[in-house]
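**Q** Make a model of this:
(one chain, ligands or ions: 2)
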Amino acid sequence: MTTPITSTQDLHVQAMSPLTPPIVLREQLPLTERAAQTVLKGREAIRRVLDGRDERLLVIVGPCSIHDETAALEYADRLADLARRVEETLLVVMRVYFEKPRTTVGWKGLINDPHLDDSFDMQTGLRIARRLLVAINEKGVPAATELLEPITPQYLADLIAWTAIGARTTESPTHRQMASGLSMPVGFKNGTDGDCQTAIDALISARAPHAFLGIDAEGRTCVVQTRGNPWGHLILRGGRGGPNHSPEQLADAVARLNAANLPARVMIDCSHANSNKNPAEQGRVFRSVLKRTLEEPPPERHLLGLMLESHLFPGNQPLTSNRAALRYGVSITDGCIGWDETESLLLQAHQEWRAHLRSRYTAAFTSA
Ligand SMILES: O=C[C@H](O)[C@H](O)COP(=O)(O)O
Ligand SMILES: C=C(OP(=O)(O)O)C(=O)O
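**A** Ligands and ions are numbered 1, 2, ... in the order given. A predicted model of the protein is given here:
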């Protein structure tokens, strides 16, 4: 008589439910011609800002997380109009964040739990995310997101112009490998400890080719071989010790990028630990970084752009699955600045940057 074999795996797994393969969702919600143009033009514009062919500032702005399609579309409409008004000086890309990394536990974003009730209907989450990205790109607004699950890009990456790897995953080999195969520029945040070396190591890693386990468009597990992504860049977001956007901290980051033979262009995230998670601080950080940059002589301009967490209305609110109890256009994750402040910050940046560029052109013309 044989002894029954005791099961040794899935001991802590409750259930597994198969998902529609990426190719099926992509066929059901296809990349339209207009959306593709927005993605391609957005990525090319970002690459031009990154390598200095375009002197505009890149501004990644939008909600901390998306939980309500209607509010996201209203935000995109407003941003489309504002982006046109400031396009001479600012390249505006909307934060359309569907995946939230958590320090411990909490709501993990619209893809993970679209009904906000721990039902984890990711099939619907992916569908809403894709539908929203098509609609936002159709409005001519390029989209930025954080990619957290390495499965997600097969479902959505054709609609993304710019990606972040967050503070909690910058050190993860999986995310560095994923970034090495992504088609768009990728910003790496410094780690939650505030040290930018983790992100610099990530930049080196993501520029290199990798081979790793992933999925293809049909959803089959496969070996993915990448070419390396040359469009990685550093984002300073502060850390446990406080903000890291001071002139000295920026100079230190630039020195480290130079030492690693990486392009010395840095984005400053005005939110997160750079504002001590206080949304009221974001405007002050934005204005102070901008003012400093305006005073720097042009060849030393290391500021690539700025990030703002902004929604239709300021602040945040506790999450509840009772949607009727949620205030419209208010974040359910980190506190955001409201639309009025967003508009005034971007318009002010536009005016100051335009005056700055014009005075430089005039000086160049006069001295020629
Ligand atoms: O941007 C959002 C949050 O800062 C991030 O998801 C971490 O949030 P938590 O520390 O509240 O989990
Ligand atoms: C989670 C985010 O940022 P960080 O990784 O800097 O905490 C974010 O930008 O939503």
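**Q** Can you read off the backbone torsions of L132?
**A** According to degrees, to the nearest 10, the main-chain angles of L132 amount to phi -70, psi -40.
**Q** quick one, what contacts it?
**A** Contact analysis of L132 by CB atoms under 8 Å, 6 or more residues apart in numbering lists 66, 69, 72-73, 96. In this view, the C-beta of every residue, glycine as well, is placed from N, C-alpha and C.
**Q** L73 reaches L133, doesn't it?
**A** No - with contacts defined as CB atoms under 8 Å, L73 does not count as touching L133, sitting 11.3 Å away.
**Q** who has more neighbours, the two?
**A** L133 (26 against 14; other CB atoms under 10 Å).
**Q** before we move on, which element is that one in?
**A** Using DSSP states H and E, L133 sits in helix 122-138.
**Q** Sheet-wise, list the partners of the helix or strand just after that helix with their directions.
**A** On the C-terminal side of helix 122-138, the nearest following helix or strand under DSSP H and E is strand 143-146. Under the criterion DSSP bridges, strand 143-146 sits next to strand 90-95 (parallel), strand 162-165 (parallel) in its sheet.
**Q** export these to TSV and tack on distance to A325 and mean neighbour count?
**A** Converted to TSV, the strands paired with strand 143-146 look like this (distance: least, CB to CB, whole Å; neighbours: other CB atoms under 10 Å):
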stretch	distance to A325	mean neighbour count
strand 90-95	25	25
strand 162-165	30	26
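**Q** Using a markdown table, lay out those together with mean pLDDT.
**A** Formatted as a markdown table, the strands paired with strand 143-146 follow (pLDDT from 0 to 100):
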| stretch | mean pLDDT |
| --- | --- |
| strand 90-95 | 98 |
| strand 162-165 | 98 |
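**Q** Any chance of TSV for the ones you listed, columns distance to ligand 2?
**A** Formatted as TSV, the strands paired with strand 143-146 follow (distance: least, CB to the nearest ligand atom, whole Å):
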stretch	distance to ligand 2
strand 90-95	7
strand 162-165	6
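**Q** Pick the one among the contacts of L132 closest to ligand 1.
**A** Nearest to ligand 1, judged by CB to the nearest ligand atom, of the contacts of L132 is I66 at 12.2 Å.
**Q** Identify whichever of the strands paired with strand 143-146 lies nearest to T38.
**A** T38 sits nearest to strand 90-95 of all the strands paired with strand 143-146, at 10.3 Å, using CB to CB.
**Q** relative to helix 122-138, how tilted is the closest one?
**A** If you take axes from the mean of the first three to the mean of the last three CA atoms, to 10 degrees, strand 90-95 sits at 160 degrees to helix 122-138.
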